[in-house]
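Enquirer: task: produce atomic coordinates for the following.
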Amino acid sequence: MTAKDYLAALALDFKKLTPKQLAKYVEESRKDEERVKRALAVLLPDPKSKRSPTAYTLFIRDNLRAHSDGGPMREAMVKAGAAWRTAAPEVRIKYETMARDMAPAGQKHPETRTRAPTAYNFYLQELARRRVEGESLADVMKTAGALWKTLDASERERYDHLAKVGKIKFLEEKEKDSAHDVRVT
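Expert: Down below sits the predicted model:
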């Protein structure tokens, strides 16, 4: 018996029910629906407790209108995403800080770093943003080390400054996070 035949037979049987039997059937289905809801409530997280937004989400929220010229939303999202990829490190740090600040107390944000960014990290970010269309990120990363070694001191100075600023922000965030940590022993 196919599923289609089974459903047709079930529909015929359903039509043969008396009003009393139908009421009993409806009551049983309501109980089953409540059981499923209770089971789902245990298994699924509370929809009201969303995870905190990421830096990217906050950036898009603030900048989507600027990139929307009345065209399709997809095009506006592509433009806003490109703006995020080319955003200056200072802008990214601003939104990362906002995202961490919005995380509930005691809960680490998914973008929480375990160590301060280095000058080389900032250099890699800039290379990744400046890559030519069609060039893979893997190719950029393969050549990044050799290019980093060829930079002179004046070129590295900018990345060293960004690393110092990043380290200060990292230490401030780490201190703030440790103040919010609640450990039960």
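Enquirer: what about the residue most central in space within the chain, distance to Tyr95?
Expert: Closest to where the C-alpha atoms of the chain average out (CA atoms, centre = their mean) is Thr54, at 5.3 Å. Going from Thr54 to Tyr95 by CB to CB, to the nearest Å gives 9 Å. Heads up, the C-betas are built off the backbone N, CA and C, glycines and all.
Enquirer: can you check Gln21 too?
Expert: 61 Å.
Enquirer: more crowded one of those two?
Expert: Counted by other CB atoms under 10 Å, Gln21 and Tyr95 do not tie: Tyr95 has more neighbours, with 23 against 11.
Enquirer: which non-adjacent residue is nearest that one?
Expert: Ala55 (3.9 Å; CB to CB, 6 or more residues apart in numbering).
Enquirer: show the pLDDT at the one you found.
Expert: Ala55 is assigned 86 on the pLDDT scale.
Enquirer: quick one, what contacts it?
Expert: Contacts for Ala55 (CB atoms under 8 Å, 6 or more residues apart in numbering) come out as 92, 95-96, 98-99, 111.
Enquirer: and which of these is nearest to Met1?
Expert: Glu111 (53.8 Å; CB to CB).
Enquirer: my guess is Ile93 meets Gly166, correct?
Expert: Yes - at 6.8 Å, Ile93 counts as touching Gly166 under the criterion of CB atoms under 8 Å.
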